[in-house]
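Student: sequence? don't have it. structure:
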C-alpha cells in the first residue's frame, strides 16, 4: 500500500512539473511573438515616415523647379528690345504699399508737384507751372487724376504702367508737351518716386521697350507720409 501511494505521489509531482514547463514555454513563445509584431510595426511606421518625407521633398523640389522656370521665362522677355506683345505676357503685380501716400517735388517745368496715391491705384497730381506765386494760376496750376489698372514690376523696384484709366498726365507728374505714344513708369527706392517713360510710335505693333538698360530719370518726388 505504501509503495502504491509513493508511486502516485511521484506521478503527481512529475505531472505538475510538466504542466509548469509547458506553461512557461507558451509564455515565452507569446512574448517572442509580441516582440516580433512590435518590431514589424516599428519598421512599417519608419517606412511610412520615410515615404512621407520623400514625398514632401519631391513636392518642394517640384515647386522650386516651377518657380525657377517661371522666373527664367520672365527674364527672357525682359530685354533691350521687348516688344509690345511680349510686354503683355509679363505677370502683373499689385499696387506696392510703398507707393501709397503723399509725394512732393519739382521738375524743370513745374515749380511744385503734389501727388497722392491711394491703395486702389488712384493717382491725383497737381502741377504748378507758374514762374512764381504772383502769376495767375489760371491754366498754369493743373490737377489730373488716373487709376492704375495694370502694373508690371519688370525688375526689382522698377515698374511699367501697362494700363491706366482716365488722364495719363497724372502718371507723368511735372511733365508736359510730350508727343507720340508714351508709356509711363516709375522707380521706387529710398522713399523716392522716380518718373521714367518709354516713347514709341502710335502703332503699338511697332513699339519696343528697353527694359534692360537703366532708364533716364525725368522727375523725382519725395514721400511725405
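Tutor: Now that the structure is in, tell me what you want to look at. Not measured: the values here are computed from a predicted model. Numbers count the residues shown, from 1 in each chain.
Student: quick check, pLDDT for residue 5.
Tutor: With respect to pLDDT, residue 5 scores 45.
Student: residues making contact with the longest strand seen in the chain?
Tutor: Across the chain, the longest stretch assigned as strand under DSSP state E is strand 141-155. Contact with strand 141-155 is made by 78, 87, 90-96, 120-130, 159-171, 211, as judged by Cβ atoms under 8 Å, 6 or more residues apart in numbering. The C-beta positions use only the backbone N, C-alpha and C, and glycine is treated the same way.
Student: are any of these buried, and which?
Tutor: Buried subset of those (neighbour count, 16 or more other Cβ atoms under 10 Å): 78, 87, 90, 95, 121-130, 159-162, 164, 167, 169-171, 211.
Student: filter these down to just the ones in helices.
Tutor: Among the buried ones among the contacts of strand 141-155, the residues falling in helices (DSSP state H) are residue 87.
Student: let's see which of the buried ones among the contacts of strand 141-155 end up in strands.
Tutor: Secondary structure defined by DSSP E assigns 122-128, 159-162, 164 of these to strands.
Student: just flag the most distant two among the residues you listed.
Tutor: Within those, 128 and 162 form the most distant pair, 29.2 Å apart (Cβ to Cβ).
Student: least confident secondary structure element in the chain?
Tutor: helix 2-77 (a mean of 46; mean pLDDT, DSSP states H and E).
Student: got the contact list for the helix or strand following that helix?
Tutor: Moving toward the C-terminus from helix 2-77, the next helix or strand (DSSP states H and E) is strand 82-83. Strand 82-83 is contacted from outside by 207-211, using Cβ under 8 Å, 6+ apart.
Student: of the residues you listed, buried ones?
Tutor: In terms of neighbour count (16+ other Cβ under 10 Å), the buried residues within the contacts of strand 82-83 are 207-209, 211.
Student: turn the residues you listed into a markdown table, columns for distance to residue 114.
Tutor: Shown next, in a markdown table, are these (distance: Cβ to Cβ, whole Å):
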| residue | distance to residue 114 |
| --- | --- |
| 207 | 31 |
| 208 | 34 |
| 209 | 29 |
| 211 | 30 |
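Student: restricted to strands, list the residues you listed.
Tutor: 208-209.
Student: between the buried ones among the contacts of strand 82-83, which is closest to residue 187?
Tutor: Ranking the buried ones among the contacts of strand 82-83 by separation from residue 187, with Cβ to Cβ as the measure, puts residue 211 on top at 12.5 Å.
Student: is the closest one in contact with residue 86, as I believe?
Tutor: No. Using Cβ atoms under 8 Å, residue 211 is not in contact with residue 86; the gap is 9.3 Å.
Student: now residue 205: phi and psi?
Tutor: phi -70, psi -20 (degrees, to the nearest 10).
Student: got the angle between the strand or helix carrying residue 195 and strand 158-166?
Tutor: Using DSSP H and E, residue 195 falls within strand 192-200. Counting by axes from the mean of the first three to the mean of the last three Cα atoms, to 10 degrees, strand 192-200 lies at 70 degrees to strand 158-166.
Student: could you say what helices and strands strand 192-200 packs with?
Tutor: With contacts taken as 3 or more Cβ pairs under 8 Å, 6 or more residues apart in numbering; DSSP states H and E, strand 192-200 sits against strand 181-189, strand 208-209, strand 219-223.
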